[in-house]
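Asks: next come a sequence and a model predicted from it.
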Amino acid sequence: MDIIGPSRQSISDNHPDCISSADKQGVEVNLFQPAAEFLPLINEVLGLLMECTEDIEGATVENNKFCVSVHYRNVDEESWQIVGQRVYDVLKEYPRLRLTHGRKVLEVRPVIDWDKGKAVTFLLESLGLNCDDVLAIYVGDDRTDEDAFKVLKEANKGCGILLSRAPKESNAIYSLRDPSEVMEFLTSLAEWKSSIQAR
């Protein structure tokens, strides 16, 4: 929900949520934030969630700018339901926000028609990479990454790689077990490209 990229007039003209701006070095960039109007609401809920979970040992609330993540990975299993109930109780008052579940995390997101699949499509189009000689590679380990895997698979524009130690049902075409295998894969790709260019 927060994409920054090279400045292109056609992108900022065609997307109402895309504005031209300058980065920290003063370079002109496009800033695409489809959920910008939700920032005050997200900040309000962030404060409430921090307050209502502060007494639960191991619970952490993370500000991801356009969404809030409540992590319960380090919470005793007996208290997981308490975390969930408190988050649910806060969100009852905010119909413009929805709750999604990840791996031992509850994520509070704006109710908008946007997901990681739409973000991949936007990136390919805005960077001028939506063409036959580009193969997009998307690596992800969460349920929310499935939208991106699906978009790449259906459009035949790239491949998704699921990061998981155990086999899972997925729209990803390939899988790797852990971040060290991702690094090995990316290093192999870079070496392969260098060897081709050297020819």
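Replies: Perfect, thanks for sending it.
Asks: check contacts around residue 57.
Replies: 75, 76, 79 (Cβ atoms under 8 Å, 6 or more residues apart in numbering). No exception for glycine: its C-beta is placed from N, CA and C like everyone else's.
Asks: any idea how far it lies from residue 74?
Replies: Distance of residue 57 to residue 74, given as Cβ to Cβ, to the nearest Å: 8 Å.
Asks: quick one, helices of this protein?
Replies: Ranges of helices in the chain, per DSSP state H, are 9-14, 39-53, 80-91, 116-126, 146-155, 179-198.
Asks: what distance do you get for residue 41 to residue 61?
Replies: Counting by Cβ to Cβ - residue 41 and residue 61 are separated by 15 Å.
Asks: ok, those two, which is more surrounded?
Replies: residue 61 (21 against 15; other Cβ atoms under 10 Å).
Asks: rewinding a little: need the helices of the chain in a markdown table (columns: mean pLDDT and distance to residue 98).
Replies: Below are the helices of the chain laid out as a markdown table (pLDDT from 0 to 100; distance: least, Cβ to Cβ, whole Å):
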| stretch | mean pLDDT | distance to residue 98 |
| --- | --- | --- |
| helix 9-14 | 58 | 27 |
| helix 39-53 | 97 | 11 |
| helix 80-91 | 97 | 8 |
| helix 116-126 | 91 | 15 |
| helix 146-155 | 96 | 15 |
| helix 179-198 | 93 | 29 |
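Asks: adding distance to residue 101, write the ones you listed out as JSON lines.
Replies: JSON lines is the format used below for the helices of the chain (distance: least, Cβ to Cβ, whole Å):
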{"stretch": "helix 9-14", "distance to residue 101": "33"}
{"stretch": "helix 39-53", "distance to residue 101": "15"}
{"stretch": "helix 80-91", "distance to residue 101": "9"}
{"stretch": "helix 116-126", "distance to residue 101": "15"}
{"stretch": "helix 146-155", "distance to residue 101": "13"}
{"stretch": "helix 179-198", "distance to residue 101": "22"}
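Asks: tally of neighbours for residue 72?
Replies: 22.
Asks: pull out the buried positions in stretch 137-146.
Replies: 138, 139, 140, 141, 144, 145, 146 (16 or more other Cβ atoms under 10 Å).
Asks: who's in contact with residue 111?
Replies: Contacts of residue 111 (Cβ under 8 Å, 6+ apart): 95, 96, 97, 98.
Asks: do residue 97 as well
Replies: 38, 41, 42, 45, 91, 108, 109, 110, 111.
Asks: ditto for residue 128
Replies: By Cβ under 8 Å, 6+ apart, residue 128 lies in contact with residue 8.
Asks: and of the contacts of residue 57, the nearest to residue 197?
Replies: Ranked by distance to residue 197 (Cβ to Cβ), the contacts of residue 57 are led by residue 75 at 49.8 Å.
Asks: shouldn't that closest one be in contact with residue 81?
Replies: No. Between residue 75 and residue 81 there is no contact under Cβ atoms under 8 Å: 10.2 Å.
Asks: grab the most central residue of the chain for me.
Replies: residue 116 (5.8 Å; Cα atoms, centre = their mean).
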